[in-house]
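K.L.:
coordinates for the following, if possible.
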Amino acid sequence: MAALLGNLVRNIFDIVYYQSCAACGAKGEVICKACVDSFRIIDHNSVCPICGKDVERRIVCGECITNKRGFSEGYYGFIYEYRLRDAIHTFKFNGRPEVGRYLVSLLKDIIEPLREKIDCIVPIPITDKRLRHRGFNQSFIISEEIGHLTGKPVFHSVLFKVKETKDQYSLSKEERKENIKGAFGIKRGSDIKGKRVLIVDDLFTTGYTAYEAAKAISRARPESIIFFALARAL
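P.N.:
Numbering: from 1, shown residues only. Just a heads-up that it's a prediction; the model follows:
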């Protein structure tokens with residue numbers, strides 16, 4: 001018993017005193033104040049209300065007029081750059097889910113109003129192989145935190161990955177489109193039929209992942225589909 005208590009004390013000590021900033025590596029905090037102050041939150045009054053592209057006012061951009069997105073509105077947290085990018089990489093690839101939770105907490109002003117627009121939350125899934133490698137699905141972590149802020153349920157099993165795909169960030173635009181095409185299936189569609197669904201992912205770049213996920217979800221005939229990403233690439 002004494003040994004167990006000793007280990008517990010040491011673990012708590014390590015967390016409190018040796019935790020490193022996910023963005024810059026400084027000791028002491030999940031993300032230090034200097035890094036948080038450098039993060040840029042997207043101004044939704046100056047971006048396309050669907051894809052989040054900066055168009056200097058809230059109007060639908062030409063690309064979203066021309067191309068189907070699969071969802072009617074999009075909400076985006078941070079601009080994917082510099083220290084924010086480093087923090088998300090630490091979250092995803094270094095096994096630190098607390099970083100994702102902390103990042104979501106910084107976006108309360110964007111997330112809490114969504115409770116009036118949604119009935120449920122559906123995270124973008126990853127394959128079992130990738131889940132075993134990373135230890136968790138980053139979109140699940142983000143979704144759970146959004147659920148806490150909005151009071152809405154998270155349906156983890158509605159979407160599933162039907163094929164293994166490469167990491168999108170490593171591919172060209174056209175390769176990304178082919179890589180993710182037909183990647184998602186749907187089950188327990190009755191859970192979301194007639195409901196206002198929020199799809200959640202960690203990052204929005206070309207929009208192909210969001211489109212494929214929305215296309216799969218639309219088979220369950222929800223009332224509406226909107227999208228949220230923790231960050232958006234410029």
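K.L.:
so where do the helices sit in the chain?
P.N.:
Under the criterion DSSP state H, helices of the chain are mapped to 2-18, 33-38, 62-66, 82-93, 97-105, 108-111, 128-134, 138-150, 173-180, 208-218.
K.L.:
could those go into a markdown table alongside distance to Pro49?
P.N.:
(Each C-beta comes from the backbone N, C-alpha and C, glycine too.) Shown next, in a markdown table, are these (distance: least, CB to CB, whole Å):
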| stretch | distance to Pro49 |
| --- | --- |
| helix 2-18 | 40 |
| helix 33-38 | 26 |
| helix 62-66 | 9 |
| helix 82-93 | 22 |
| helix 97-105 | 21 |
| helix 108-111 | 13 |
| helix 128-134 | 31 |
| helix 138-150 | 19 |
| helix 173-180 | 23 |
| helix 208-218 | 14 |
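K.L.:
and Val162, which of those helices is closest to it?
P.N.:
Set against Val162 and scored by CB to CB, the helices of the chain come closest in helix 208-218, at 9.0 Å.
K.L.:
quick revisit: which one of the helices of the chain lies closest to Asp191?
P.N.:
Taking CB to CB as the criterion, helix 208-218 is the member of these that comes nearest to Asp191, at 10.7 Å.
K.L.:
got the angle between the closest one and helix 138-150?
P.N.:
Helix 208-218 and helix 138-150 meet at an angle of 70 degrees, taking axes from the mean of the first three to the mean of the last three CA atoms, to 10 degrees as the criterion.
K.L.:
list the buried ones in helix 208-218?
P.N.:
Within helix 208-218, the residues scored as buried using 16 or more other CB atoms under 10 Å are 208-217.
K.L.:
and it, what does it pack onto?
P.N.:
Packing partners of helix 208-218 (3 or more CB pairs under 8 Å, 6 or more residues apart in numbering; DSSP states H and E): strand 159-161, helix 173-180, strand 184-186, strand 196-204, strand 224-232.
K.L.:
how distant is that helix from the center of its chain?
P.N.:
14 Å (CA atoms, centre = their mean, to the nearest Å).
K.L.:
alpha carbons of it, as CSV, please.
P.N.:
Taking C-alpha atoms only, helix 208-218 is exported to CSV below (Å, rounded to 0.1, in the frame of the first residue of the first chain):
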residue,chain,number,x,y,z
TYR,A,208,-12.8,16.2,-48.8
THR,A,209,-12.9,14.3,-45.5
ALA,A,210,-15.9,16.5,-44.3
TYR,A,211,-17.7,16.0,-47.7
GLU,A,212,-17.3,12.2,-47.6
ALA,A,213,-18.4,12.0,-44.0
ALA,A,214,-21.4,14.2,-44.7
LYS,A,215,-22.3,12.1,-47.8
ALA,A,216,-22.4,9.0,-45.7
ILE,A,217,-24.4,10.6,-42.9
SER,A,218,-27.0,11.9,-45.4
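K.L.:
what does the average pLDDT come to for that helix?
P.N.:
Across helix 208-218, the average pLDDT comes to 96.
K.L.:
the inter-axis angle of that helix versus strand 196-204?
P.N.:
Using the same axes, to 10 degrees, the direction of helix 208-218 lies 160 degrees away from that of strand 196-204.
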